[in-house]
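S.K.: dropping a prediction and its sequence here:
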Amino acid sequence: MSAVSSAPETQLTGDVIAARKPARFTLARKTIVTPVLLSLLLIAITLITVMTGSRPFNQTVIDVLVRVIFVVGLYIFIGNSGVLSFGHIGFTCLGAYAAAWLTINPIMKSSALPGLPDWLLQTRLIYWQAAILAALFAGVAALIFGKVLMRLSGIAASIATFAVLAMINTIYSNWDSVTGGTSSVVGIPIIRTIWPYLIGAVAAIFIAWAHAISRSGLALRAARDEPTAAAASGVDIPKERLVAFVVSGAVMGLGGALMAHSIGVVTPDTFYLSLTFITLSMLVVGGMGSLSGGVIGVVLLSALIQALRWMEGGVSLGDATFALPKGIQEIALGVIMIVILALRPSGLMGNREITLTRSKRNM
Amino acid sequence: MSHLSAENVSVAFAGLKALSAVDLQITPGRISGLIGPNGAGKTTLVNVLTGFQSPSEGAVKLDGEALVGLKPHQVRRRGIARTFQGGRLFRDLPVVDNLEVTGVGLGMSRRAAIAEAEAMLDWIGIASLGSRIAGTLPYTDERRVAIGRALMGRPSYVLLDEPAAGMSGPESKELSALIRRIATDLGCGVLLIEHNVGLVLGLCEHIVVLDSGAIIEEGPPASIRDSEKVRHAYMGTAANTDLPVLEVME
Amino acid sequence: MSLLALSDITIRYSRLTAVREVSFSMTEGEILFITGPNGAGKSSLLRAIAGVTPVAGGKIQLAGQDITGQAPENIARLGLSMVPEGREVFGSLTIEENLLVGTGMQTRDRNSRARTASDLEAVYTIFPILKDRRNGQAGLLSGGQQQMLVIGRALMTNPRLIAIDEPSLGLAPNITDQVYERLIALQAQRQLTLLIVEQSSARAMMVGGRMILMRGGQIVLDGDARTLGSGEAIQAAYFGYEDH
Amino acid sequence: DDEKVVVGFATAESGFMEAYDKPAQEAAMIRIEEINAAGGLLGKQIEVVKADTKSDRAEGAKAGLSVLDQGADLVVVSCDYDFGSPAALAAEDAGQVSFFLCAESVKAGIQGVGPHSFSASVLAPVQGATMAEWAFKEKGAKDFYRLLDTWTVYNKGICDGFDWMMPKLEAQGAKLVGEDTFKNEDASIAAQITRIKSLPKEPDAIMLCTMMPGAVSAIKQLRAAGINSMILNGSGVDGSYWLSAVPDLTNFYVPVQGSIYGDDPSADVNKFNTVYKEKTGAEPSSQYVYPGYVMIDVWAKAVERAGTTDADAVVAELEKMKDEPTLFGTRTFTPELHHQNRARYLIVETKAGKPGVVGEWTISEPVPMEAILK
Amino acid sequence: MLQTLFDALSLGSLYALGALGIALIFGVMRLVNFAHGDVIAFCVFALLWPSTDAMAIVFAGQLPWYLLVPFVLLCGAGLSVLCEIVVFRRFRNANPATMMIASFALGFVIRYFLLMLYSSRPKSISLLPALSQPVEIFGARLPLLQLITIVATMAILIGLTLFLRQTRFGLEMRAAAENFSMARMLGVRANRVIMGAFALSGALAGAIALIFGSQTGTVDIQMGASIMLMAFIATVIGGLGSLGGAVLAGFLLGAASVVMQVALPVDARPFRDAFVYGAVILVLLFRPQGLIAARGTKERV
Ligand SMILES: Nc1ncnc2c1ncn2[C@@H]1O[C@H](COP(=O)(O)OP(=O)(O)OP(=O)(O)O)[C@@H](O)[C@H]1O
Ligand SMILES: Nc1ncnc2c1ncn2[C@@H]1O[C@H](COP(=O)(O)OP(=O)(O)OP(=O)(O)O)[C@@H](O)[C@H]1O
Ligand SMILES: [Mg+2]
Ligand SMILES: [Mg+2]
C-alpha cells in the first residue's frame, strides 16, 4: 500500500517523524532583541533627561515610564488574548492604594485611614518593597476576578472587566475608613529620582516578553485568532487567559504603586475612565498586537502631547511668540490619533516587533 | 482492540434531528469514510466525537470508556484530533507556530513543540512553508497545514472534514497519498469526510453513508459504489465519480 | 458586442502580483470556465470584476460601461451577480432574508415584487432544504447548505452575468449536478452569461462552453472546454505547477 | 530672591478646573498689583510665574515643580484639594509655602500636604454647621433632612459639619427626620425624592451637601416634584449664573464669605467687586473669587512681618495670626490648623429667583478637630 | 410603590434611549461608539451661544417646543452623520478595538471643542419649563417630564422597530453590518444605509439631550458620559445587536439602580453602583450572549 505514497524525502527511521531537538533557549535568543532594544530606547530617554537636569522634564519622563508600565501591562492581556479589557486600571488602583497603605507613616495612617487592620497600620516599608507587594496584591485580585471572568470572551468580557473597574472605583471611593474615600490620600513618599521608574518599565517589558514567548503566550495568541481551532489543538483557553490576566494585573499593580510614588497622592478617580482610555489609546495607536507597539505608542504619543503643550505654552520664533490657544492640545491629539488609526488600522507597529533583522516572526 | 466509537448517538437542534442513533467505529491504522448529502450530519458527528457538541443521546467511547462532558481541549489531549470544514488556521501566526500551538496545547515545551512541528512539516512535504504567515497561504497549502496541525503529538485518531474541497485533480491526488501515509506510517485511525467520491472510494476500507442523520448504508467501497440507495441519495451523474483520483488509485 | 471585457488587468497584493495583464471578453449568453492550479489568481480576478479588489492596471467593461474602480454596488446594479469564494452568507440573518438582500435594487416597481416572489419560489424548487429552513439562521446551516444558499442568492438579483467562484465547493455530487442543470437552463432561457471558476475539468467538459486556464496570474490556455478538458495541454499546465 | 519676590501659580489654565481657578487667581492678581503699586513686598516687586496643570493630577505635580524651578517663593495651587495637592506636595517637598486658592478640606494644610501648606478659604464643615444652626435659630426649622452627594470630600465635609451640629440642636428640639445619598452624575434622583415624599410630613429644611453641576439638577428635581422645604447648601452653589435653570427658585439658602450681589454690608467688598469687574469685564460669578485675594493678603503680611520670604519664617508669622482682619472676614492660623474652623458667614437667600443677603451668622463654637477630620 | 415604578421607568427610559443609539451603530458597524455621549452633550450646547461666561446666553433654547424639538434632533443627526462621513467611513475594515479608540478620540475632539467654545463651567438653562409641572396619576405625583420621557421612549421604540421591520432599511442594515463587502456585491448601497443608521442614532442622542437638559437644567460637558456608559452596558447585557434587548436592559439597569437606592440601608447606599455592576457581571456570566440573544449571534463549528 505504502508503495502508492510518493512520500517526499522523509527520514523513515525508527520513529516515522524524526525530530531534531533545537538547542536550548533558541527561541529566547531569537526574540530577546526586541525587549533589549525597547529597554535601550527607554534608557536613552532617561539618560537624556538626567543630563538636562530640568525637574519638570524629569517628572514628565517619569510619567512616560509609568505609562510604559501600564501599557505593557495591558498588552500582556489584551495583545495576547485579543480581549479588550477596560478593567485593568482597576488593578492599578489596587496597586497604588496598596503602596499607600504600606508606605505612609503610621501616625498619619492611623488618623487618615483608621479602618486599616492594626498590623497594616504599624507597617512601614521602603517604596520598592511596597511596590513588589502591591504588584502581588493586584495579581491576587486579578486571579480572583479572573477565575470568574475568564470564561467570557469578546465584548461580554470587556464589559465584565469594566464592571470590575467600576466596582473597585465605587468601593474605593466610599470605603472612607480604609481608602479615605474620594479624598486624596497623602503622605506617600514621593520618589523623584528617575531610576526606579526606569527599572520598573524595563522589568515590565521583560515580563511581557517572557510571557509572550512562553507556552501560555503562544497558546493565547492562537486562541485570539481562532478559539475553536485552538480548543481543538488542546488549548485550555480560560486557563491561558487567566495566566495572562494575572501577570498583567500584577504589572498594572506595580505601575500603580510607582505612579503613587511619583505624585505622592492617590484618589480613586485618578484610576478611572480617563486613564483607562488614554492607556488603551496608546496601546491601540502603537499596535495592540505587539509589545513594541505598546512601548512606541506611549513614547510617541507622550512626545506628541508634550510638543503640543509647549506650543500651547508659547514658542518664540524670533521676536514673535507663537502660542496655540489653550485646549487645542487635546483636540490636536484626538485628530492625530484618528489620522494614525485611519492610515494604519492595526496601529503603528501592526503585529510586528522591532528587531535588528526585520524578521517578521512575532515572538 | 482499541477503537474510538460513537454509540447510538443522536443530536437534535431545536426540533431538527441532525443525527439519530448513529453508530460508528474508527480503528487505528484504518481509513474510514463518511459520506452523505449536504446536511446529513457528518460535521455534526465529528463535533460530537471531538467534544464540540454534546449528544442528546448516546455516547462516545474511547477504548470502551465513555468520554462524557469533556471539553474539546480535553478530548484532543486524549489523542483525538480533527480538522475543520473551513481551514481555521491561526491566520496571524507563521505556519510552524500553527503546528507548535498543538504541541504546546498538549503540554510540550515550546522547544520540543517546535522540533516536532518542523519534523511534521517535513514529513508532510511542506517544510518550505514553515515561516509563511498562515493567512496568506493558498487553499491547498492551508489544508495541508491544518492536517499537520492535527497530527502534532501523534494522535491515535484524526477526523478530516472535507480536506479536498476546492482542490483540483492533481492536488487531491497528492492529498490522498498523504492521507494514506497517515494511516499506514503513523498508525492513525482516520475518518474521512469528503464529497469527492472518487477519493473516498479509493482510500477507505470502510464507508458509512449518512442521510438525514441516519446511516443508510455501510460497507466496503465496492458495495457503496454499487448501492442504488446511495447513488440515488447522493451521487448523481457519472461526472462526479469519474474524477481523476479514482483512476490513479485503482 | 461583448458583455464583459477585461483588458490588461493586473492585480497586486503589496509586493505580490497575483494577476498579470490578463485580457479576455465574453459575449452575452456565453459560458466561460476558468480553471487552473491553486494561487493562479482566479479568485482575485473575479473579485476585481465585482469591484471589491482594486486593480493595479487595466480596464474592465461591463455592458459597455467602464466599471474599473467602480463601487461594487454600482457594478451589481449593472447586472453582475457574484458568488465569491468561501461561503459568504450573512450568518445572522435568516435564510429567506439572505435571499432577499439583493432584491432591494428593484423594489420600487410593482412587477419586480411579483418577480421577487417567483424567483424565491424558483430557488426553493432547486434547493428544497432552503425552503424547509427559510426562517432558520443561515449561519447554522451545514457547509454545503450554505453553498446552496449563496448560489440561490445570486440567482435572486436577476443578473445578466453570474460569476461563481467554485460552485461545487462542499456540495454533494448530486446537488452539484442540479446546480449546473439550473445554470445551464437559465443560460438557455434568459441568455444569462456564466463565468465559472471550476477545478473539475471533467465538469467543464460535460457542460461545454469555453475554458480558460490560468497559471501564475496569466492565461496559459484558452479554448473549447470539451476539447481542452481532456487534452494533454491541461495536464501539462498542471504539471507545470507541480514542477516548481 | 535678590531683586524680586516670585509668586508661582500652578493652577489650571485649561480643562475643567480652569473655571474654578481662574476667578480666584484674578482676585489674587488684583491684590498683587495693589501691593506692587504700593511699592512691593519687602521693597521688591512681586513677579508672577505660571504653569498649567491642565486639570490633571500628574500634570499638577509637574506644574508645581516647574514654578519652583522658576524660583517661586509662594506656590499657589488649584482651588480643589484633590487637584491642587500634587503641586502643593512638590512645594512641601522643596520646603516652600503653598496656598490653595480656595480649598475647603482640612487636608489642604498640615493634616494633608504638610506644615508649609495653607488654604485661604473656610473649612467645608463650617458651612454645614453654620447653615444648620442658622436655620434652627433664625428660621425656626425643626425637621431636618440630610441629602449627601458622595462625589467629593467637599460635599462630605459639609455634611460632616452638619452632623456635628445636629446633636446640639436636637438637644434643643430639632430632629433629623431622614437621610439619603446620591451621586453628582446621577441622571435622576427620583428615587431619593420619592423617599422624601413618603415622609409623614415635608421636612422644614433639607441640608443638601453637593456641588455643581449635580446641585442644579438636584434642586430642580426637588422643586419639580413639589417639595418646597428650605434648601440649605454649602458655598459651592453660590452665584446667580445658574438660577435660570430653576425659575422662581425660593426658600433657598447659601453661606458666603462676601456677597457678589452688590449688597454686602461691607462697602470694601462692593468696591472690590467693581475693581474686579473693571479688570476682568465681568462681576465675580461666585464668592470663590474672594479667597484668592485673602490668600495674597495674609501671605504678604506674614512676609512683611518676617522680613524675609524664607518659608519657615513666613509660616511662623502666619501661624501667629489670630482674627487677622481681611476684606472678607478674619483669618486665624495656628500650628495645628492652617484653615478656618469658624468664620463669619453672610447668608444669601434666593427668593423668587433673586438672591440677596438676609443675615449673618458665626457658629457658636469652632468645629472641633474630630469633626473636621472625620 | 407605584411612585418607585415610575422612577424606575423614567430613569430606565433614558438608559434605554441611549442603548438604542449605541445598539443601532453597533448593529451596523460593530462599532461601540464612545463619541455618542459627546454628541448628546453637543446637542444641549447647541442651545446656547458660544461664550465662556458663567452665565449662559440662551439661543435656540428659547424656540417654541415645536421648533426646538426638531432643531435638537437635527443637530444630533447632523453631527452624527458628519462623524460618519469624516471619520468612521475610514474604518470600515478596521477591527473593533481600533474603531472604538477612534470613536473615543473623536469624542475627545468634540468635548474639547465644546470646552474651548463654552468653557468647562456647567451652565444652566431652563428648557421646556412647562414640563417641570408635577402631575398626578394613579395617586403618584410625578413631574410631567417623567411621564413624557416614558411615553416618548415607548413611542420611539415601537416606531423604530416598525421602521426596521417594515422597510428594507433594516434588512440591508443588518446585512451590511455582517458582511460589508458582500452586501455591496449584492447591490446594497451600504454607505447610505450606514449613514441612515448614524442619523437615527444621532437623533436619539438629541432626544436624550432634550430630556436630560429639561430634567437637570444643566448644560455640562460631562452630561452624556454617564448615560453613555450605562447605555453601553445595557447594549451588551441586552444582547449585542438586539434593539429590543438593549431597551429591556436599559430599563432593567434603571430599575436596578432605583431599587437598590430604595432598598439598601443608608450606609450601603453609596456602594449602590458596586451592587449594580455586580449584578451586571452575574448577568453576563449566566447569559454571556445577553438577555435577548440577537437572532443569529449563535455560531456553529
Ligand atoms: N448548531 C446548530 N444549530 C442548528 N442546526 C444545526 C446546527 N449545526 C448543524 N445544524 C443542522 O444539522 C444538520 C447537519 O449539519 P452538518 O453540518 O452536520 O451536515 P454535514 O453532513 O456536515 O453537511 P455538509 O456536507 O453540507 O457539510 C444540518 O441541517 C444543519 O443545518
Ligand atoms: N488578500 C490577499 N493578500 C495577499 N495575498 C493574497 C490575497 N488574496 C490572494 N492572495 C495571493 O494571490 C495569489 C492568487 O490568489 P487567488 O486566491 O486569486 O488564487 P486562486 O486562483 O483563486 O486560487 P484557489 O484555487 O486556491 O482559489 C495567491 O498567491 C494568494 O496567496
Ligand atoms: Mg459538513
Ligand atoms: Mg480561488
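M.R.: All right, it came through fine. Residues are numbered from 1 along each chain as shown, chains lettered A, B, ... in the order given. Ligands and ions are numbered 1, 2, ... in the order given.
S.K.: give the other helices and strands that the helix or strand where B:Leu201 lies contacts.
M.R.: B:Leu201 belongs to helix B:197-203 when assigned by DSSP states H and E. Secondary-structure packing of helix B:197-203 (3 or more C-beta pairs under 8 Å, 6 or more residues apart in numbering or on different chains; DSSP states H and E): strand B:31-35, helix B:169-184, strand B:189-193, helix B:221-226, helix B:238-241, helix B:244-249. C-betas here are computed from N, CA, C, even on glycine.
S.K.: reformat those as CSV; add distance to E:Asn191 and mean neighbour count.
M.R.: Below are the helices and strands packed on helix B:197-203 laid out as CSV (distance: least, C-beta to C-beta, whole Å; neighbours: other C-beta atoms under 10 Å in any protein chain shown):
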stretch, distance to E:Asn191, mean neighbour count
strand B:31-35, 45, 25
helix B:169-184, 40, 22
strand B:189-193, 41, 25
helix B:221-226, 52, 16
helix B:238-241, 43, 18
helix B:244-249, 46, 18
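S.K.: of the ones you listed, which is nearest ligand 1?
M.R.: The closest of the helices and strands packed on helix B:197-203 to ligand 1 is strand B:189-193. By C-beta to the nearest ligand atom, the value is 6.9 Å.
S.K.: what lies in contact with that closest one?
M.R.: B:3-4, B:24, B:26-35, B:42-43, B:46, B:49, B:156-163, B:179, B:182-183, B:199-200, B:203-204 (C-beta atoms under 8 Å, 6 or more residues apart in numbering or on different chains).
S.K.: got it, and stretch A:33-48?
M.R.: A:61, A:64-65, A:68, A:194-195, A:198, A:201-202, A:205-206, A:208-209, A:291-292, A:295, A:299, A:353-357, A:363.
S.K.: now, the residues you listed that are in strands?
M.R.: Judged by DSSP state E, the subset of these located in strands is empty.
S.K.: now which of these would you call buried?
M.R.: Neighbour counting with 16 or more other C-beta atoms under 10 Å in any protein chain shown marks A:61, A:64-65, A:68, A:194, A:198, A:201-202, A:205-206, A:208-209, A:291-292, A:295, A:299, A:353-355, A:363 as buried within these.
S.K.: in helices only, show me these.
M.R.: A:61, A:64-65, A:68, A:198, A:201-202, A:205-206, A:208-209, A:291-292, A:295, A:299 (DSSP state H).
S.K.: could I get the pLDDT score of B:Leu67?
M.R.: With respect to pLDDT, B:Leu67 scores 88.
S.K.: how about D:Ala205, what does it touch?
M.R.: D:135, D:139, D:141, D:143-145, D:229-232.
S.K.: near A:Arg309, how many other residues are there?
M.R.: 17 (other C-beta atoms under 10 Å in any protein chain shown).
S.K.: meant to ask about C:Ile184
M.R.: C:Ile184 has 16 neighbours, counted by other C-beta under 10 Å.
S.K.: so B:Val200 sits against B:His206, correct?
M.R.: No - in this structure B:Val200 lies outside contact range of B:His206 using C-beta atoms under 8 Å: 10.7 Å.
S.K.: contact residues of chain C facing ligand 2?
M.R.: Contacts of chain C with ligand 2, taken as C-beta under 6 Å from any ligand atom, map to C:13, C:16, C:18, C:36, C:38-44, C:85.
S.K.: run the last query once more with 8 Å
M.R.: Counting by C-beta under 8 Å from any ligand atom, the residues of chain C lying close to ligand 2 are C:11, C:13-14, C:16, C:18-19, C:36-47, C:53, C:85, C:165-166, C:197, C:199, C:214, C:217.
S.K.: quick revisit: buried among the contacts of strand B:189-193? Make that a PyMOL selection.
M.R.: The following PyMOL line selects those of these that are buried, judged by 16+ other C-beta under 10 Å:
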select buried, chain B and resi 3+4+24+26+27+28+30+31+32+33+34+35+42+43+46+49+156+157+158+159+160+161+162+163+179+182+183+199+200+203+204
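S.K.: pLDDT weak spots in chain C?
M.R.: For chain C, the stretches with pLDDT under 70 are C:1, C:105-110, C:229-244.
S.K.: residue nearest the middle of the chain, spatially speaking?
M.R.: No chain specified, so I'll use chain A. A:Gly73 (2.3 Å; C-alpha atoms, centre = their mean).
S.K.: meant chain C, my bad for not saying
M.R.: Centre-nearest of chain C using C-alpha atoms, centre = their mean is C:Ile164, 1.6 Å out.
S.K.: so it is in which element?
M.R.: strand C:161-165.
S.K.: same check on E:Leu117?
M.R.: Using DSSP H and E, E:Leu117 falls in helix E:96-118.
S.K.: so for that helix, mean pLDDT?
M.R.: 90.
S.K.: do stretch E:144-151 as well
M.R.: 86.
S.K.: list the contacts of it.
M.R.: So stretch E:144-151 is contacted by D:190, D:224, E:6-7, E:9-10, E:13-14, E:128, E:130-135, E:137, E:211, E:214-215 (C-beta under 8 Å, 6+ apart).
S.K.: in JSON lines, list the contacts of D:Ala205 along with neighbour count.
M.R.: Output for these, formatted as JSON lines (neighbours: other C-beta atoms under 10 Å in any protein chain shown):
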{"residue": "D:Ala135", "neighbour count": "23"}
{"residue": "D:Lys139", "neighbour count": "18"}
{"residue": "D:Ala141", "neighbour count": "22"}
{"residue": "D:Asp143", "neighbour count": "18"}
{"residue": "D:Phe144", "neighbour count": "28"}
{"residue": "D:Tyr145", "neighbour count": "23"}
{"residue": "D:Ser229", "neighbour count": "18"}
{"residue": "D:Met230", "neighbour count": "19"}
{"residue": "D:Ile231", "neighbour count": "26"}
{"residue": "D:Leu232", "neighbour count": "30"}
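S.K.: tell me the SS of B:Asp23?
M.R.: strand (DSSP: H, G, I helix; E, B strand; the rest coil).
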